[in-house]
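predicted model, plus sequence, below.
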Amino acid sequence: MRKLVLFFLFFTGFSSSLQLNAQSLSLRDCKVELKNGILSVENNKVKQTFGWNSGQLIPLELKDKNSVEDTFILPQEETDLLINITKATAKNDTLSITVERLSPLDPEFLRATIMFNLNDLNIKRTIDIFPNTSAVTHTFYLKGKTTTGSARAKKDQTLSMIESNEQSDDFLPTIGNIALENPHWQFEVIHFKEATDYHNTLTHSYTISAYSKAELVSGNLLIATNSLKNQGFYIIKESPLGESQSNYLFKDFKLSRNEVSVLGLGIPEDHIFEDYWTKGYGYTIGVGTSKKNTLFFHAKTYQKQKRALLKDRDEMILANTWGDRSKDSRMNEAFILEEIQAGKRLGITHLQLDDGWQQGLSKNSASKQGKQWDDWHKDDWQPHKERFPNGFENIIKTADASGIEICLWFNPSKKNNYENWERDADILIDFYNTYGIKVFKIDGIELTGKTAELNLRKFFNKVQKATEGHMVFNLDVTAGRRMGYFYFLEYGNLFMENRYTDWGNYYPHHTLRNLWMLSKYIPAEKIQVEFLNKWRNTNKYQQNDPLAPLNIPFEYQVASTFAGQPLAWTEVSQLPEEAFGIQDLLKSYKDIQRDFHSGLIMPIGQEPNGLNWSGFQSVGDKKGYVLIFRAYSDHVDKKIKTHLPASTSVVFKAAFGDGKSFDTKTDKEGFIEFSLPEPFSFGMFSYEVLD
């Protein structure tokens, strides 16, 4: 345990003026209560309790209500929030308990808001809990004055002799701490990559058996398991990835055999202001068994609560005009009307006008007039006068009649850390009010520091509030320092990657692999996944390469995006007639898209490499879906481990694709044998468990 004398937040007992006025509020199965100096946050799955300690909460218990074990943590003697301020006494502690929702369209949850003072520094902590979700979320805010200096960790740890059992005196600000009841824990740390223009492996995991001396690790997701007790928990650090974080400590977790700490508040000292709260980072902790898949299930269940998956708002088959690399050279009203006509034939639901629809052309424009990128003006964000002389009225009317929603590309002005965030928000709100446009791809983001992060959040919040939660942001993570996979996702979905046949860097199995790997940790339906015009640039690929796009059926490539939000990364009006044969496939997919995405979509089979069998299972309550891909494989049949119970009778009904309906029984490890007739065939099945 840390030495208490080093820090200002030390155990002072549970005395508080709030003890005399017990507070409690319930929402469905959720309850937050302060009584006799104990704050409890719970629902039907999890319970976390703290000593009140004048608002400086001291963790006492974390309980999995579905476990026979009482708890797996030890009561602590100090608070879990440690900031570099010395010997201050908490005053003016308050608690409010409210029912909240992130937008009028999203789920309700309970929030406890705790505030107290340490000298001239004000600290606010919110604790959120959703119904029927085994997770509790903690977020921190600061306001006021501090003159102590901001602590920063070193990139490398000092390695002293083992004969010295003392820990380093280097101060590491923490926002969470779990004191473990026994030393028999193993940890898996998952590190994520964005900037997908440069990375083609987006997840890296490694396992640690913690030792007496603490180890510092980086990553946004921690999985902790104890097989001896059949216990487990996960922690999501709710922040950008790695060095995209503000005031980054170079590491995210501190692990030892008896303690886990979450590192990094994300607030530099010069961003603590007297007149408003600065939001820092937070973490979510959830409980489960020692089976890692159970913890992954629980983590994704929590993530799905942050934003409701609404059929009319979030589900889409979106076509974007940038994927054929003509940039904006074809962008005009006549071209977009062609795209709408072709999109209707193909079966898309959304058409997004990428860079080039606006009056202020960007530096990526095919036109020499294009210069804008970091600094835009209000007039830049009007429909281009020559390209759209009638504004958007005609294309909106035509799209509406065709059952297609028009969407736009937008690049917020980065000048002075997004100081014009309010003006940019008003621009999008005006497009929503004038044209009903409610899907915007947000590109060019750079988290250059805390001010940029804070202003961007203000930008998103203002738009969401003005549109009552109807806006969807496609958050581009292809380059720069951006939001990653666990931050800002309450605002929409993720534009995962740019891939082009023009450069020979699009292979369908690579895209499937990135979705497959990410889907283990984050909801797949929150990721836009591309398919391209496979008939373009065939000379960019080696002859006789069986994995080149041209040699893979178009239906197979399109279906490989179905676990996510399909993205037609192409000019649909330029597709050959053969491509429009996927009409029936997309129609069948739309019939089940919402139901398929409502389950917990997990990867199954082998990691896609173009030669094996892989897929996804959407897990529901005794019902669900399985999407299976047979790549360039000679095997007609393949046993695949599923997330179905062992030795259970299951009925599989072919929904579409190349598979046939069948009845079967899982073996003792949950394997099922699937059959697909030929290489590059696939099958979507609904299933029902009979036992």
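Okay, I see it.

got the domain ranges for this structure?
4-154+169-305, 307-491, 613-689 (automatic domain parsing).

can you redo those domains as a markdown table with mean neighbour count, mean pLDDT and distance to residue 582?
Every C-beta, even on glycine, is put in place using the N, C-alpha and C of the backbone. As requested, those are exported to a markdown table (neighbours: other Cβ atoms under 10 Å; pLDDT from 0 to 100; distance: least, Cβ to Cβ, whole Å):
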| stretch | mean neighbour count | mean pLDDT | distance to residue 582 |
| --- | --- | --- | --- |
| domain 4-154+169-305 | 19 | 89 | 25 |
| domain 307-491 | 19 | 97 | 7 |
| domain 613-689 | 18 | 97 | 11 |
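
mind putting those domains in a markdown table, distance to residue 589 included?
A markdown table is the format used below for the domains of the chain (distance: least, Cβ to Cβ, whole Å):
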| stretch | distance to residue 589 |
| --- | --- |
| domain 4-154+169-305 | 20 |
| domain 307-491 | 8 |
| domain 613-689 | 7 |
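
closest to residue 561 out of the ones you listed?
Each of the domains of the chain has some distance to residue 561 by Cβ to Cβ; the shortest is domain 307-491, at 8.9 Å.

quick check: end-to-end length of that closest one?
Taking Cα to Cα, to the nearest Å, the first and last residues of domain 307-491 lie 8 Å apart.

for burial, what's the neighbour tally of the closest residue in space to residue 589 that isn't next to it in sequence?
Leaving out its chain neighbours, the residue that sits closest to residue 589 by Cβ to Cβ, 6 or more residues apart in numbering is residue 562, at 5.9 Å. Burial of residue 562, expressed as a neighbour count using other Cβ atoms under 10 Å, amounts to 28.

re the thing from before, for the domains of the chain, which one sits closest to residue 508?
Of the domains of the chain, nearest to residue 508 by Cβ to Cβ is domain 613-689, at 8.9 Å.

tell me how far the ends of the closest one are from each other?
Start-to-end, domain 613-689 (Cα to Cα) is 23 Å.

that one: how far from the chain's middle?
27 Å (Cα atoms, centre = their mean, to the nearest Å).

which stretches in the stretch 351-500 of the chain count as strands?
405-410, 439-442, 472-476, 492-495 (DSSP state E, counting those that start in this stretch).

which parts of stretch 586-603 are buried?
586, 589, 592, 593, 596, 597, 598, 599, 600, 601, 602, 603 (16 or more other Cβ atoms under 10 Å).

and those residues, which is closest to residue 64?
Nearest member of these to residue 64, counting by Cβ to Cβ, is residue 600, at 18.3 Å.

any idea what the closest one is bridged to?
In this entry, residue 600 is beta-bridged to residue 619, by DSSP bridges.

contact partners for residue 181?
71, 72, 73, 74 (Cβ atoms under 8 Å, 6 or more residues apart in numbering).

which one of those is nearest to residue 451?
Nearest to residue 451 among the contacts of residue 181, with distances taken as Cβ to Cβ, is residue 73, at 36.6 Å.

of all the domains of the chain, which one comes closest to residue 555?
domain 613-689 (7.8 Å).

wait, residue 541 sits on residue 535?
No. The pair residue 541 / residue 535 is not scored as a contact, 11.9 Å apart, by Cβ atoms under 8 Å.

give me the common contacts of the two.
Counting by Cβ under 8 Å, 6+ apart, the residues touching both residue 541 and residue 535 are residue 550.

quick one: the residue nearest to residue 589 and residue 499, what's the gap?
Separation of residue 562 from residue 499 (Cβ to Cβ, to the nearest Å) stands at 17 Å.

give me the spatial nearest neighbour of residue 314, chain neighbours excluded.
That would be residue 472: by Cβ to Cβ, 6+ apart, it lies 6.4 Å from residue 314.

what sits against the one you found?
313, 314, 438, 439, 440, 492, 493.

same thing with residue 675?
Here residue 675 is in contact with 636, 637, 659, 660, 662 (Cβ under 8 Å, 6+ apart).

for those, work out which two are farthest apart.
It's 636 and 662 that sit farthest apart of the contacts of residue 675, by Cβ to Cβ, at 13.8 Å.

what are the ranges of the helices in the stretch 501-650 of the chain?
508-518, 554-559, 583-598 (DSSP state H, counting those that start in this stretch).

how about those helices, which one is nearest residue 182?
Using Cβ to Cβ, the nearest of the helices of the stretch 501-650 of the chain to residue 182 is helix 508-518, at 32.4 Å.

which strands or helices does that closest one pack on?
Secondary-structure packing of helix 508-518 (3 or more Cβ pairs under 8 Å, 6 or more residues apart in numbering; DSSP states H and E): strand 527-531, strand 613-619.
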